[in-house]
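Asks: Following is a predicted model, sequence given first.
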Amino acid sequence: MLVQFYNVSKIYPNGVKALDDISLRIERGEFIFLMGSSGAGKSTLVKMFFREEIPTRGQIFIASRSIVRMKRSEVPKLRRNIGIVFQDFKLLENKTVSENISFAMEVVGANIRDIKIRVPEVIEMVGLKGKEKCFPGELSGGEQQRVGVARALANRPLMLIADEPTGNLDIRISTEIMELLYDINRKGTTVIMATHAQELVRAAHKRIIMLENGRIISDSLAGEFFL
Amino acid sequence: MLVQFYNVSKIYPNGVKALDDISLRIERGEFIFLMGSSGAGKSTLVKMFFREEIPTRGQIFIASRSIVRMKRSEVPKLRRNIGIVFQDFKLLENKTVSENISFAMEVVGANIRDIKIRVPEVIEMVGLKGKEKCFPGELSGGEQQRVGVARALANRPLMLIADEPTGNLDIRISTEIMELLYDINRKGTTVIMATHAQELVRAAHKRIIMLENGRIISDSLAGEFFL
Amino acid sequence: MIIKNMLYFIREALNSLMRNRLLSFATISTVSISILILGIAVLMTMNAGSFMNRLESDVEIIAFLEKNLSSSQIRDAGEEIEKMDGVKQLTFVSKKEALHRLQENFGGKEYNLGTTIGENPLPNSYEIKAADPHNVADIAKKVEKVHGVYKVNYGQGVVEKLFNITKWIRVISVIFIVLVSLGAVLLIATTIRLAIFARRKEIKLMQLIGATDWFIRWPFFIEGILLGSLGALVAIVLLLLGYDSLISKTDSIYFFSLLSDPIILSKIYISLFLTGSVLGVLGTYISLNRFLDV
Amino acid sequence: MIIKNMLYFIREALNSLMRNRLLSFATISTVSISILILGIAVLMTMNAGSFMNRLESDVEIIAFLEKNLSSSQIRDAGEEIEKMDGVKQLTFVSKKEALHRLQENFGGKEYNLGTTIGENPLPNSYEIKAADPHNVADIAKKVEKVHGVYKVNYGQGVVEKLFNITKWIRVISVIFIVLVSLGAVLLIATTIRLAIFARRKEIKLMQLIGATDWFIRWPFFIEGILLGSLGALVAIVLLLLGYDSLISKTDSIYFFSLLSDPIILSKIYISLFLTGSVLGVLGTYISLNRFLDV
Ligand SMILES: Nc1ncnc2c1ncn2[C@@H]1O[C@H](COP(=O)(O)OP(=O)(O)OP(=O)(O)O)[C@@H](O)[C@H]1O
Ligand SMILES: Nc1ncnc2c1ncn2[C@@H]1O[C@H](COP(=O)(O)OP(=O)(O)OP(=O)(O)O)[C@@H](O)[C@H]1O
Ligand SMILES: [Mg+2]
Ligand SMILES: [Mg+2]
């Protein structure tokens, strides 16, 4: 058992209640779609996993460690085990595609040989071969998004969190990216993916958590909501 | 007749050929979907309309004025008639939602009374009522995207260019946004929209231009490609 | 059009001042420190200059008169000297006075020069001050030719040496001020450049949604003026307080009297203030153009 | 771990130096200008100080001797004075010598004091120099009590005045240096803060993907040291060139001899260099912490 949420609420400093009494249990190796309308709280929920935001109320345990009580110095260790695709990509403007990815590996202390092998590998996986030396400003929106995916995959994380990883991608490339995620999930990585792409979710037959106004309104296998 | 492209090619400084011999004719009042896989050249094409990028070869005329030969000082006048939804939103971090929109109106010299009326109007239209005083950093991804849409609509432009305006929106809100676009199109605004959302395009029965590797591979009414 | 928009520009500038607190603070403090250092440098060199002037104006010419002149001849010589161009002050020192001074210098009662010496061997003399100390050598030459004067003393070598020193100190002061000014300009420009760099996306967006270059510039300019003036103001207040307390502290030491002419001082302060404001705008102008032209 | 990563840190720092050209340039030029101004200030005050020292060490005590002393008594008095603590130099001036000096001062042949005066009325004297000019008053008091000395002259009022002035100039110099140093620190810190502010998103991202605070800090530190040292180096080279040419230009003017002891100068230059580097790191450290703690 990997993640437990107990009555988690999040109220942002400006008074917005983004999460409202969320309880949740995610087993190791699960694949979960987080759905819900714009502003429902998907990104907020997802940010709890790597402690970008801290709950206003409630408790979160990851691998039995409380994230709320965790010391500041322990946070990096937590994050090293999580690969994150950010909704707004968060690429470094003055690093090339390769550098953005190898950077993420250097941060967690990977050794140089591994980096040299792994970086071209993930670039190939997301279909960006030939763009290694481009800066983010020289990429199309979808290409930037795929760099974000590649970076998250690079460290072979125990858990992958992807916030809207296909928003700028057409259906063909989206499907390819999904295949990547299913693949690493098969190899043991827990995957949590926030998305709006109904056609992807529908095809997947995975666990789906639906959010509305910060509350979980349903949590089950796919398919039932769309018929 | 509003826009004409004559054999337009674009080669970026790093050697990437993003557009390859594009010829195109867009009548006033048309509604056009620009489709194509990630990196096909949609954003590059779209940037030509408001001269963010200049063709490497070829000519572009908007209302019979050559955009290529246009003087630097004339560019603002061109842009004032075009509303733009950027793929990466381009909101100002230190302005609130209201300010981001009123700012765009002040830039084109709208008077204060008009601004006071129009800003809440477009905020309401994109469903962001209650978020007026939020800064972009306090919004969800989809909410930010809608601020971008609202800003583009605010000046009632002659031409609206939307680059992937629904990438972060679920199908319900996307449909609402599309209704907005159809609506202003009915009122005479030319709309050019780059998108991956096939289900939206399929429902629309509008002109669709398909790009691949910087070339137009088809240009016609919707429907035929998906069956 | 510009006038219509002025209100918007000012509001925009003030808003941005508040919203970009770190950038505003950085600019203001850089301007303050630069202007403060510049101000200190200006005050120091001005004071050094006036000190030099006082030193120089202490230089005297002494004209020794021949022994056997009648008192009317002495008077004539005096009048002739007094009429010369550039002579500011003339004092007669009788031989009795001269002996008295000598006595004072050497001392005790034991050696009463008045009694040990049969006759006073010292000459009568005139002490002459020049209006412009740099003319001392010229005046001395002319005085030497006056009837009844047999020797002129003005510490020949020493005066030239003194002037040489003061000239050099002045040159160095000017170089120093120029360097510090240049430094202040560069520092302020650098900071503004960084502050505008941090907002380059804002500028890019304005351009993309149809703002003219001038529309973009105005709020930045107003901000530049405000930041520059504010920074300069802080510096001037500090300078004023510091210098005033220095004046009152050194008041007791006659020799060390600091420049305290309120007109000169207020001119310095106003120039410093203008420097700050102008640099604010100029720095903004130059930096902005770099980012506008992209 | 840190040693293993050092290579990465250095590469990262160098890379970032090149990629963030504007930020690097701004930091280097700010450090250069600040250190340059600081250096000029230090050199100026050091030179002023040594000038003051020379002025002060010119102060002499003159002990006038009684008329009727035998030459052995004169010698005894001299020996007694010479043995006193703090006496650096002793010169005997015979009354003949004194008369000669007087004659020279007053001038022409017409007044041959040697002949007009029956007997030389002037006293023998000793000229005494103190090792430390500030002890002049004390020594003078002791000399006064020596057998055979009837009066001591050391320009009583003037010496105190001179010391007052030099004391004040020293105080002001120190204040000036402290202010300029403070200014330099603030300027450099401000610029580094802005430069890091411009890269706050980079820092935020590093944190989000699991970098420890130290992992984030190291490249910035190395960059800070490099930028600080580079800036200081530029300043020092300019200073060296400028000061050297000043020395050679003023070489001819004896009075104005500038401080040119290579040991002292290199100490100054090294301190300036260290100041630049340390400020580079310190500024980075403080600014970084502000952005890390978010
Ligand atoms: N930093 C913040 N400060 C204040 N309010 C915030 C902040 N971030 C998000 N919100 C608000 O919290 C609510 C949930 O936001 P969240 O980003 O979790 O939505 P989401 O489900 O990810 O939406 P989207 O699909 O549009 O990305 C929204 O109403 C949003 O305005
Ligand atoms: N500024 C640039 N410099 C160099 N190459 C660029 C630049 N912008 C885009 N490109 C390249 O040009 C090609 C077309 O990019 P464009 O942004 O037009 O694609 P797109 O169709 O909008 O894709 P997406 O759907 O992913 O946004 C891509 O291969 C991209 O890498
Ligand atoms: Mg979100
Ligand atoms: Mg695009």
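Replies: Arrived safely. Numbering: from 1, shown residues only, chains lettered A, B, ... in the order given. Ligands and ions are numbered 1, 2, ... in the order given.

Asks: What residue in chain A comes nearest to ligand 2?
Replies: Closest residue of chain A to ligand 2, CB to the nearest ligand atom: residue A:142 (2.6 Å). (Each C-beta comes from the backbone N, C-alpha and C, glycine too.)

Asks: can you tell me how far that residue sits from residue B:149?
Replies: Distance of residue A:142 to residue B:149, computed by CB to CB, to the nearest Å: 20 Å.

Asks: Between these two, point out the one with more neighbours.
Replies: Between residue A:142 and residue B:149, counting by other CB atoms under 10 Å in any protein chain shown, residue A:142 is the more crowded of the two (27 against 24).

Asks: mind checking the SS state of the more buried one?
Replies: Following DSSP: H, G, I helix; E, B strand; the rest coil, we place residue A:142 in the helix state.

Asks: Let's verify the residue lying closest to it once chain neighbours are set aside: helix, strand, or coil?
Replies: Once flanking residues are discounted, residue A:142 sits nearest to residue B:38: 2.9 Å by CB to CB, 6 or more residues apart in numbering or on different chains. Of the three states, residue B:38 takes coil under three-state DSSP.

Asks: Strands of the stretch 1-150 of chain C, start to end?
Replies: Counting by DSSP state E, counting those that start in this stretch, the stretch 1-150 of chain C has these strands, from start to end: C:60-65, C:87-93, C:125-130, C:149-153.

Asks: List just the one of those strands that sits closest to ligand 2.
Replies: Judging the strands of the stretch 1-150 of chain C by CB to the nearest ligand atom, what sits closest to ligand 2 is strand C:125-130, at 74.6 Å.

Asks: Run me through the strand neighbours of the closest one, direction for each.
Replies: strand C:60-65 (antiparallel), strand C:87-93 (antiparallel) (DSSP bridges).

Asks: where's the last one relative to the chain centroid, distance-wise?
Replies: In this view, strand C:87-93 has its centroid 29 Å away from the chain centroid, taken as CA atoms, centre = their mean, to the nearest Å.

Asks: that older thread, highest average neighbour count across the strands of the stretch 1-150 of chain C?
Replies: Stretch with highest mean neighbour count among these: strand C:60-65 (a mean of 23; mean count of other CB atoms under 10 Å in any protein chain shown).

Asks: So out of everything in chain A, what residue is nearest ligand 3?
Replies: Using CB to the ion, the single residue of chain A nearest to ligand 3 is residue A:43, 3.1 Å away.

Asks: helix/strand/coil for the nearest residue in space to residue C:16 that is not next to it in sequence?
Replies: Excluding the flanking residues, the one nearest residue C:16 by CB to CB, 6+ apart is residue C:223, at 5.9 Å. Using three-state DSSP, the structure places residue C:223 in helix.

Asks: Over to residue A:35?
Replies: Going by three-state DSSP: residue A:35 is strand.

Asks: What count of nearby residues applies to the closest residue to it other than its chain neighbours?
Replies: Sequence neighbours aside, residue A:210 is the residue nearest to residue A:35 in space, at 5.2 Å (criterion: CB to CB, 6+ apart). Residues contacting residue A:210 under the criterion other CB under 10 Å number 18.
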